[in-house]
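Enquirer: Okay, sequence plus prediction incoming.
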Amino acid sequence: MKPMNWVPGLALLCLLAVGPAVFGETIPVDLGLTSPPNPMNHLEMTVTAGYGAIQRSDSDTTDASGNILSRLGIDFDPVTHQVQSVDEVEFTGGLVSFTDMSFVLDFSFFGWIEATGSGIGATLDTPYPPGTVAGGDFDTAEHLVVLNQGSFVASGTGLVGGVLDPNPTVIDLSTSPVEATTSATGQLQASLASIHDSLATYDVVLTLPVNFDEAVMDDGTVSVRVAATGTFEAAGQFTRALPPPVRIWDGLGEGDWGQTDGGGFSRWLDENHDHATDIPGAATDAVVQADTVLVAADREARSLNVISGGVEIASGRNLTVGNDVTFAAGTALTLGPASQLSVGGSGTFDAVVAADGSMIDGSADICRMVSFPAGPGTLHVEGLLRMLPGAEFACRVDAASADLITADDVLLRSGSKLTVQATEGLASVGEASRTVMQLTSGSTILGVFTDVPDAGDHLGHGVFFEDVTTSAASVTLGLFQAADGDANGDRRVNGVDIQAILSANKFGADVDTDWPEGDFTGDGRCNGLDIQAILATNLFGLGEYAAMEPGVLGDGTVDLVVDSEGITIDTNGLTINGYVLISAAGIFTGKPARNLGFFKEDTDTRISGNFSALINGQHLLGDVIGNEFSQVDLMKDLTFTYTIQGAAGVHEGNLIIPEPSTLAMLIGGMFGLWACRRRRGRQAAA
């Protein structure tokens, strides 16, 4: 016959359970079982055995002592530091000991059985931590008791003794530990006992009623049940260093970190949401919400959590944070020139708006964007820079430089993005490179930007994207500056570009225009000046120009003459292929101009003729000046420029202007003549 298994019944008596954490703090607690004669931890145990129709029972008591090691998940009130709830528990060890027990079951002439348990000890464990506590109650079934000390001995006589095999039966728990669970509802209470300085002491009490009746053996001949009643109680204390004070920005508008009112109160709220008399310092957690807080002087904080709004560090100022810095989605860190944020823990940023010479001293995880809106500058990261998936480096390039991020280490995660904008044309036509990321240590850049511009994308001002190269220590842009007239950046000025300009249909219109649509002068419009700029390059139809040198300016000067017939262009022996005449006062309100060329303008402020028309000698534009402008000083009002066939450059011509009386006669027929001549020598090369 099988031996009787006394272990599960005794194991069930030992199982005490508790519960854990909401998402507060995890606290280790040593719970000691209270000592008899306290009615707690005193267990009445009854063993009932049946042999056929005969049943016998015997009872004994056992006292439990020792301790239970646990980890409790507790949520604390941030203001009063009272326990709000105990939400989780995990048992991690300890030792619960039981006094010896003895049971004698007398079956008369059938014999008897005696069972003893001596030196019994157990530890508690949570197999799948943590267990749950709700409202102070917990289910002991989530936890486990492991009997691992002492022994059980069962012996018998007569027929019932024959049930034991061997007889006596000895179970050594140190070599054959036994695990068991039971189901009951216990209670766990934690409360604040005292606060002294910055240390709080808490009391914890665990109670577990025991009331069970369980069959531990029934082989058809012999049956055994174990029943027990009683209550276990364990108590303990723990101490907790109170968290540092929290200061929360009042959300009543933007202001300075150190701003105070006439009563000495700051813009920061304390834990009771009242205005505090101090500001965040090295031992204070700072929380910013709703507004942008300006750091106009060197400041400190223990931690910084920006929930909404942002933080701006003024030029040359430092903000030192001893622990973590967290900027939530939609917030921004704005760094002035030569400003610095020092991060003692981890740094998580949604957007960093940087300026030249700014620094983040510590690690920086970028979630959304790094940008330099004030123009090309350098951001230094003295630590690991991680561009997370979706994070964008919005890089700007100008004539001679580009935005640059330097870092000790760089990790470019898949999905990170590089965008490029040219704020002005490059210093010279042709290929150029710009380094936009540089390691300052001997490490290696890990990863690449996976979202970059396409080759041939126009970045602004005639700058076209070619490629991006990521080496061990740097990220470098390949760029190309197109010549005036090369609307598509293919290194040729030809009919394809003219077709693009015509297709845009913006020539002479007062609408925003970009380089691919014909704005080569950067004024946001396509007009005669842009066509003149094309002619000034002397590159039209000559094939690829990237390696060509600019042309040499031609000699000679073209005159613009005002006489009785109106305005005449006199080339003085030169051959020109375009001209632009500008009036600051808008005096061209007379007759329509006799313009030449494919691109022509005739407005109150500009007359131009460019492309596919050559002038050699004199060409009369006509009586284009309105009579109402007889008193205008033409020497100050008019500007006349032209381009020479076969030569690069834009040239400024001579203005042959009559005296005021002559102008009046020419325009209104009232006064005499006199003439003067002014020579302007400016020439602009492409």
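Expert: Ah, there it is. Numbers count the residues shown, from 1 in each chain.

Enquirer: Thought Gln55 was touching Gln225, still the case?
Expert: Check again: residue 225 is Arg, not Gln. No. Shown here, Arg225 and Gln55 do not form a contact pair, counting by CB atoms under 8 Å, at 9.4 Å. (Glycine included, C-beta is placed from N, CA and C.)

Enquirer: Quick check: neighbours shared by these two?
Expert: In terms of CB atoms under 8 Å, 6 or more residues apart in numbering, Arg225 and Gln55 are both contacted by the residues Thr48, Ala49.

Enquirer: Quick check on these two: which one has the bigger neighbour count.
Expert: Taking other CB atoms under 10 Å, Arg225 and Gln55 do not tie; Arg225 has more neighbours (18 against 13).

Enquirer: and that one, what are its bridge partners?
Expert: With DSSP bridges as the criterion, Arg225 is bridged to Thr48, Ala215.

Enquirer: can you check the one 10 residues further on too?
Expert: Beta-bridge partners recorded for Ala235 (DSSP bridges): Gly32, Val205.

Enquirer: Wait, it touches Val205, no?
Expert: Yes. If you go by CB under 8 Å, Ala235 and Val205 touch, sitting 4.9 Å apart.

Enquirer: List the neighbouring strands of the helix or strand containing Val287 plus their orientation.
Expert: Using DSSP states H and E, Val287 maps to strand 285-288. Using DSSP bridges, strand 285-288 pairs in its sheet with strand 246-249 (parallel), strand 303-306 (parallel).

Enquirer: Show me what secondary structure element comes after that strand.
Expert: In N-to-C order, the element after strand 285-288 by DSSP H and E is strand 292-295.

Enquirer: and the following helix or strand past that following strand, which strands flank it?
Expert: Counting by DSSP H and E, the next helix or strand C-terminal to strand 292-295 is strand 299-301. Strand pairing for strand 299-301, using DSSP bridges, gives strand 318-321 (parallel).

Enquirer: rewinding a little: how about the strands paired with strand 285-288 in JSON lines, adding mean neighbour count?
Expert: Output for the strands paired with strand 285-288, formatted as JSON lines (neighbours: other CB atoms under 10 Å):
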{"stretch": "strand 246-249", "mean neighbour count": "23"}
{"stretch": "strand 303-306", "mean neighbour count": "22"}
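
Enquirer: out of the ones you listed, which comes closest to Gly649?
Expert: Taking CB to CB, strand 303-306 is the member of the strands paired with strand 285-288 nearest to Gly649, at 54.9 Å.

Enquirer: tally of neighbours for Ser503?
Expert: Ser503 - counted by other CB under 10 Å - has 12 other residues nearby.

Enquirer: Any idea what Phe103 is bridged to?
Expert: Ala115.

Enquirer: Run through the strands of the stretch 501-650 of the chain in chain order.
Expert: Ranges of strands in the stretch 501-650 of the chain, per DSSP state E, counting those that start in this stretch, are 559-563, 566-583, 599-602, 606-622, 638-644, 650-652.

Enquirer: Now do the last one: which elements does it pack against?
Expert: Counting by 3 or more CB pairs under 8 Å, 6 or more residues apart in numbering; DSSP states H and E, the packing neighbours recorded for strand 650-652 are helix 528-537, strand 638-644, strand 683-684.

Enquirer: Pull the distance from stretch 511-530 to the chain's centre.
Expert: Distance, stretch centre to chain centre, for stretch 511-530: 38 Å (CA atoms, centre = their mean, to the nearest Å).

Enquirer: Quick one: mean pLDDT over it.
Expert: Per-residue pLDDT values across stretch 511-530 average out to 95.

Enquirer: And stretch 65-75, by the same measure?
Expert: Stretch 65-75 carries an average pLDDT of 94.

Enquirer: Any buried residues in that stretch, and which?
Expert: By 16 or more other CB atoms under 10 Å, the buried positions in stretch 65-75 come out as Gly66, Asn67, Ile68, Leu69, Ser70, Arg71, Leu72, Gly73, Ile74, Asp75.

Enquirer: Equivalent analysis for stretch 253-270, please.
Expert: Quick answer for stretch 253-270 (16+ other CB under 10 Å): Gly255, Asp256, Trp257, Gly258, Thr260, Phe265, Ser266, Arg267, Trp268, Leu269, Asp270.

Enquirer: got it, and stretch 305-318?
Expert: Those would be Asn305, Val306, Ile307, Ser308, Gly309, Gly310, Val311, Glu312, Ile313, Ala314, Arg317, Asn318, for stretch 305-318 by 16+ other CB under 10 Å.

Enquirer: now stretch 319-339
Expert: So for stretch 319-339, counting by 16+ other CB under 10 Å, buried means 319, 321-322, 324-328, 331-336, 338-339.

Enquirer: Identify those among those residues that sit within strands.
Expert: Leu319, Val321, Val325, Thr326, Phe327, Ala332, Leu333, Thr334, Leu335 (DSSP state E).

Enquirer: My guess is the third one contacts Thr348. True?
Expert: Okay, so that is Val325. Yes. Contact criterion CB under 8 Å: Val325 and Thr348 qualify, at 7.0 Å.

Enquirer: Now do Asp356 against Gly336, distance only.
Expert: 10 Å (CB to CB, to the nearest Å).

Enquirer: oh sorry, the question was meant for Leu634
Expert: 50 Å.

Enquirer: Give the burial count for Tyr128, as a bare number.
Expert: 9.

Enquirer: Looking at the strands paired with strand 285-288, spot the one closest to Thr126.
Expert: Of the strands paired with strand 285-288, the one closest to Thr126 (CB to CB) turns out to be strand 303-306, at 31.6 Å.

Enquirer: Give me the sheet partners of the next helix or strand after that closest one and which way each runs.
Expert: For strand 303-306, the succeeding helix or strand toward the C-terminus, using DSSP H and E, is strand 310-313. When pairing is defined by DSSP bridges, strand 310-313 lines up against strand 292-295 (parallel), strand 332-335 (parallel).
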